[in-house]
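Undergrad: structure here, sequence nowhere to be found:
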């Protein structure tokens, strides 16, 4: 796999983790997510 692609995917993963992690539990609930879901959602961007 291309190292540049891996780096871009990792940055996307971390950005998603940070953005969703900064939302309140109420905001996450409003969009149908829990704190447990954040890592799974972010992992999709790393694939």
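TA: On my side now, so go ahead. Keep in mind it's a predicted model, so treat the numbers as computed, not measured.
Undergrad: tell me the secondary structure for residue 44?
TA: What DSSP: H, G, I helix; E, B strand; the rest coil gives for residue 44 is helix.
Undergrad: this protein: helices as residue ranges?
TA: Using DSSP state H, the helices found in the chain span residues 3-21, 25-30, 35-46.
Undergrad: so how far is the last one off the chain centroid?
TA: Averaged C-alpha coordinates place helix 35-46 at 5 Å from its chain's average position (Cα atoms, centre = their mean, to the nearest Å).
Undergrad: and for stretch 30-43?
TA: 8 Å.
Undergrad: low pLDDT regions in this protein?
TA: Counting by pLDDT under 70, the chain shows low-confidence ranges at 46-47.
Undergrad: so which residue is smack in the middle of it?
TA: Nearest to the mean C-alpha position of the chain, by Cα atoms, centre = their mean, lies residue 42 at 2.6 Å.
Undergrad: just give the closest residue to that residue, not the sequence neighbours.
TA: Using Cβ to Cβ, 6 or more residues apart in numbering and skipping the chain neighbours, the partner closest in space to residue 42 is residue 16 (4.0 Å). (Glycine included, C-beta is placed from N, CA and C.)
Undergrad: which ones are touching the one you found?
TA: Residues in contact with residue 16 (Cβ atoms under 8 Å, 6 or more residues apart in numbering) are 38, 41-42, 45.
Undergrad: filter the residues you listed to the buried ones?
TA: Buried by 16 or more other Cβ atoms under 10 Å: 38, 42, 45, out of the contacts of residue 16.
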